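**Student:** Sequence first, predicted coordinates after that:
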Amino acid sequence: MKALSIFLLLFCGFTPLIAQTHFCCTSSSDQEQGLERLKRNRQNILARNRDELVYIPIKFHLIANDAGQGRLTYEEVMVLLCQLNAYFEPAEMQFYIDFPFNLIDNSILYDDPVSDTGQSLIPDHLVDDAINVFIGRGLLLPPYGSFYAVEADYIFVSNDASDGEAPAHEMGHFFSLAHTFRGWDFEDIITTTNYQVPPDVPSEFQPAELMDQSNCLETADLLCDTPPDYYFAASPLQDDCEEWSGNTFDPNGDVVDPMENNLMSFFSNCTEYVFTEDQNTAMRLDYDSPERAYLQTGYTPAEQIVAMPPNLLLPVNEATNLPPESVTLSWEALPGVDYYLLEIDEFSIFLDPISYVVNGTSIVVTDLAAEQEYHWRVLPLPEYQTCDLDYSPSQEFTMGLATGINPIEAALAFTVQPNPLLTGQGLQFRLIAPSAQVLTARLYSSTGEVLAIWKDLRLLPGPQIIEWPVALNSGMYFLQLANQDGHYTQKLVVQD
């Protein structure tokens, strides 16, 4: 990973602030470095094969303040990735999540990522085998601000710009694209109609791009299917994404007709933003380049579309008197999904839920309040197919009185062995009881149905092996041990 540039020069600090859905703060010098790659990549244009779909990992760094507040929600990250993949589908480039999420609680990085202190915190979090995308409030950036830092090779997106074109715009910078209005970043804004652009504007080193494409490979964004744009989005004559009506003439006297809905422009509130064919080609060439070899993993993420949320299994709906010291929540596994978001809240509308990102389909929760009713639900977090995801229908349970140490959980080394077991094998579980006690064992199906009950299961002090002669078909089950003080549950898998 490249060293972090401590002196990130942001042109957004010197550019008139305009009303828009996104404000890019990527520096002009960073764009120039991207264009140097673009020039080199052109030499390989005949060798590339854009018919081959490639999958690219993203490591999401989700930033909150020191108190852990204000972080972008996991559901919003799913929406971000869905939109990003839609923008990049024509380039045969798709992104997937490099789990787990990296959670950062730091108020300086959350609000002021371009400060010396903010930038000094970045290197500790960078990973070497994915695109690093940091998301925080960015309070000291312009509204909807975001940027790509080329030296450190990471993207920062503010929370309020995450649901829009900003991530795709910055990803364009990441893959060598410049603004369509490059060269006009520091020029006077065009404020009059029928304006004739002089030959030496924006500068003698950066001539104005011509409508006839005669200089498109040497100026502006160095691409020929993105028409000239003299930063019209900042003009008081421009209204969001309406067609430019300033009647501006290039140095040849031709009327300039910019592409308002281009993702690398600054026109706001367009109905549909796109990259052009040349931009898609340039980005794919950059991905194929040696500088991006660390992203060329050859990995294909699970492509199943998650059509339904998982079924909640345990505790059964409206369960009561659960021990607050240790409650096991479990749900049905979905094909192609490894991670799930579990939310628990006192209110059914989930105003301020307790959230857990779980790798698997069960978790033991130990910090719930006694005698409190809770609602819970689960959202699948697929690594790639993140569009149109739904939470499971919520269920509820009620905690019992606090009992101190759960005596069932205190039965040391409670394990089901073997696990998984084969069809026809007898069910065995091992435990070490701290004292003689009487339990009830229950065997549940994956849907929460009670299949068998063993009442008055008597344990002796010390280690022991319990055999339960039940016939089980292949599938997932749950074994629960319980007494008047609590319960403890473990998952069991039976294979053919």
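**Tutor:** On my side now, so go ahead.
**Student:** and the residue nearest to Met259 when sequence neighbours are not counted, how many residues sit next to it?
**Tutor:** In this structure, Met259 finds its nearest non-sequential neighbour in Pro227, 5.5 Å apart by C-beta to C-beta, 6 or more residues apart in numbering. In this view, the C-beta of every residue, glycine as well, is placed from N, C-alpha and C. Pro227 sits with 20 neighbouring residues when counted by other C-beta atoms under 10 Å.
**Student:** cool, and Glu170?
**Tutor:** Under the criterion other C-beta under 10 Å, the count of neighbours that Glu170 has is 24.
**Student:** Can you pull out the low-pLDDT segments for the stretch 51-200 of the chain?
**Tutor:** For the stretch 51-200 of the chain, residues meeting the criterion pLDDT under 70 lie at 51, 143-144, 186.
**Student:** re the thing from before, next, the contact list for the residue nearest to Met259, please.
**Tutor:** 180, 209, 211, 256-259 (C-beta atoms under 8 Å, 6 or more residues apart in numbering).
**Student:** mind running it again at 7 Å?
**Tutor:** In this structure, Pro227 makes contact with 211, 257-259, judged by C-beta atoms under 7 Å, 6 or more residues apart in numbering.
**Student:** Any of these buried? List them.
**Tutor:** 211, 258-259 (16 or more other C-beta atoms under 10 Å).
**Student:** Next one: Asp390 from Leu379, what distance?
**Tutor:** Distance, Asp390 to Leu379, by C-beta to C-beta, to the nearest Å: 8 Å.
**Student:** More neighbours: the two, which one.
**Tutor:** The residue with more neighbours, out of Asp390 and Leu379 and counting by other C-beta under 10 Å, is Leu379; that gives 22 against 12.
**Student:** just checking, the more buried one touches Asp388?
**Tutor:** No - at 11.9 Å, Leu379 and Asp388 do not qualify as touching, with contact defined as C-beta atoms under 7 Å.
**Student:** A helix includes Tyr110, no?
**Tutor:** Yes - the secondary structure assignment for Tyr110 places it in a helix, going by DSSP: H, G, I helix; E, B strand; the rest coil.
**Student:** In contact with it, which residues?
**Tutor:** Tyr110 sits in contact with 63-65, 70, 136-137, where contact means C-beta under 7 Å, 6+ apart.
**Student:** Spatially nearest residue to it (excluding sequence neighbours)?
**Tutor:** With C-beta to C-beta, 6+ apart as the criterion, Tyr110 has its nearest non-adjacent residue at 4.3 Å, and that residue is Gly136.
**Student:** picking up where we left off before, TSV for the contacts of Tyr110, including secondary structure, neighbour count and distance to Gly172?
**Tutor:** Output for the contacts of Tyr110, formatted as TSV (DSSP: H, G, I helix; E, B strand; the rest coil; neighbours: other C-beta atoms under 10 Å; distance: C-beta to C-beta, whole Å):
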residue	secondary structure	neighbour count	distance to Gly172
Ile63	strand	28	22
Ala64	strand	19	27
Asn65	coil	18	30
Gly70	coil	16	27
Gly136	strand	28	21
Arg137	coil	22	23
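**Student:** Identify, from the residues you listed, the entry nearest to Ile466.
**Tutor:** Taking C-beta to C-beta as the measure, Ile466 lies nearest Ala64 of the contacts of Tyr110, at 45.6 Å.
**Student:** if I look at that closest one, how far off is Val157?
**Tutor:** Ala64 sits 15 Å away from Val157 when distances are taken as C-beta to C-beta.
**Student:** And for the closest residue in space to Ile97 that isn't next to it in sequence, the neighbour number?
**Tutor:** Ranked by C-beta to C-beta, 6+ apart and with sequence neighbours excluded, the top spatial neighbour of Ile97 is Glu383, at 4.7 Å. Per other C-beta under 10 Å, the neighbour tally for Glu383 reads 21.
**Student:** How is the residue nearest in space to the middle of the chain assigned, secondary-structure-wise?
**Tutor:** In the chain, the C-alpha nearest the mean C-alpha coordinate belongs to Val77, at 3.9 Å (C-alpha atoms, centre = their mean). When states are read from three-state DSSP, the local structure at Val77 comes out as helix.
**Student:** Perfect, I'm done here.
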